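# missing the sequence, but the structure's below:
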């Protein structure tokens, strides 16, 4: 974990290489950090990205005594996903379902900043989430004529807990245990959580076939079709998130975007889109990225993406920005702020065809 007040001292492997005057490849190959007495990483043992405290490593390489870190347990400690899951007493796969809750999503700290950073959460936020979770259901199903008995934002985390216990759990058991409708609530929820876990496994084992991953996770063959579809959607969504975070961070730093993550949505035809709200006084209330058409301005702040259409949305107040589907943020910002730039129709489309009209 990153101890309270130590964020500025976080050191990645690339930072360590720079401090040693060596290339990143050399450090990866020679592994000086594995030497006896070298400061331990501050990242979890299971983390893919190792992090150190730069004050500790600087002292070590200078031959000075390595200073101790502050004790763990402060409310402002930053926990990675393994540590957050451990604090809640759940698996990391279940935490991956929890982290989409707004209370957690809004508090995430990416270390280091950028598309390759590792997500962390303040201990106080994780504890607050833990204390706010409703108690487990005791069965009995959903009374006739009533709505779902579990709050909507808690359905997926609760299903994740049930899957921890029984990967082959049935729709009937989920519906009865949580007091939710079998169709579509339990069915869609089970598929979504299984899909995320398949995506997690595929991400950690490059080359692993999603269907093989489903079998390894213990999911019954009858569930594979919906789970694999959900996994495909999840993997595609994850593939665009680094780019969207990169653009969002840039626009936030420039003062034109609200401080919030651009959430990826799946449209009716399985296409992906995301909306980014802009600060007051900008040329548009929001920006929308659509994997078919790239970036455009939106005229509605409350529902910026709007209804799905097969063709690119057009009309008053809509400008398509950038010369490609994924322009650099500098190009996007320049086009947003200059009303003379942009087109009425997208300059590029997902099928590679050109379009656009100034």
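Perfect, I can see it now. Everything numeric here is computed off the predicted structure, so don't read it as measured data. Numbers count the residues shown, from 1 in each chain.

# Helices of this protein, residue ranges please.
Remark: helices assigned in the chain by DSSP state H are 13-20, 24-30, 54-61, 81-88, 92-98, 102-105, 123-132, 152-165, 171-178, 187-204, 210-216, 224-253, 329-337.

# okay, the ones you listed in CSV with distance to residue 40 next?
(C-beta placed from N, C-alpha, C; glycine too.) Listed next are the helices of the chain as CSV, based on distance: least, CB to CB, whole Å:
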stretch, distance to residue 40
helix 13-20, 13
helix 24-30, 17
helix 54-61, 9
helix 81-88, 14
helix 92-98, 21
helix 102-105, 27
helix 123-132, 19
helix 152-165, 29
helix 171-178, 41
helix 187-204, 23
helix 210-216, 31
helix 224-253, 28
helix 329-337, 36
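
# now for those, which one comes closest to residue 267?
Relative to residue 267, the nearest member of the helices of the chain by CB to CB is helix 224-253, separated by 10.7 Å.

# Enumerate the positions of that closest one that are buried.
Judged by neighbour count using 16 or more other CB atoms under 10 Å, the buried positions of helix 224-253 are 224, 226-228, 230-231, 233-237, 240-241, 243-252.

# any idea how far stretch 245-259 is from the chain center?
Mean-position distance between stretch 245-259 and its chain equals 16 Å (CA atoms, centre = their mean, to the nearest Å).

# Residue 321 reaches residue 297, doesn't it?
Yes. Between residue 321 and residue 297 a contact is recorded at 7.1 Å, counting by CB atoms under 8 Å.

# of those two, who's got more company?
Ranked by neighbour count (other CB atoms under 10 Å), residue 321 and residue 297 place residue 321 first, with 24 against 21.

# Leaving out chain neighbours, which residue sits closest to that one?
Once flanking residues are discounted, residue 321 sits nearest to residue 335: 4.0 Å by CB to CB, 6 or more residues apart in numbering.

# I'd like to know how many residues surround that neighbour.
Residue 335: 23 surrounding residues under other CB under 10 Å.

# List the contacts of it.
Residue 335 makes contacts with 319, 321, 322, 327, 341, 342, as judged by CB atoms under 8 Å, 6 or more residues apart in numbering.

# a markdown table for the helices of the chain, including distance to residue 278 and mean pLDDT?
Below are the helices of the chain laid out as a markdown table (distance: least, CB to CB, whole Å; pLDDT from 0 to 100):
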| stretch | distance to residue 278 | mean pLDDT |
| --- | --- | --- |
| helix 13-20 | 32 | 95 |
| helix 24-30 | 36 | 94 |
| helix 54-61 | 36 | 97 |
| helix 81-88 | 30 | 91 |
| helix 92-98 | 29 | 83 |
| helix 102-105 | 19 | 84 |
| helix 123-132 | 26 | 90 |
| helix 152-165 | 26 | 89 |
| helix 171-178 | 38 | 90 |
| helix 187-204 | 30 | 93 |
| helix 210-216 | 37 | 96 |
| helix 224-253 | 8 | 92 |
| helix 329-337 | 8 | 97 |
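
# Looking at those helices, which is nearest to residue 48?
Judged by CB to CB, the one of the helices of the chain that comes nearest to residue 48 is helix 187-204, at 8.1 Å.

# roughly how far is stretch 179-197 from the heart of the chain?
On the basis of CA atoms, centre = their mean, stretch 179-197 sits 20 Å off its chain's mean C-alpha point.

# again, but for stretch 295-307
22 Å.

# what comes up buried for it?
Those would be 295, 296, 297, 298, 304, 305, for stretch 295-307 by 16+ other CB under 10 Å.

# How about stretch 319-335?
319, 320, 321, 322, 325, 326, 327, 329, 332, 333, 335.

# One more: stretch 180-190?
Buried residues in stretch 180-190, counted by 16+ other CB under 10 Å: 180, 181, 185, 186, 187, 188, 189, 190.

# Noted, bye for now.
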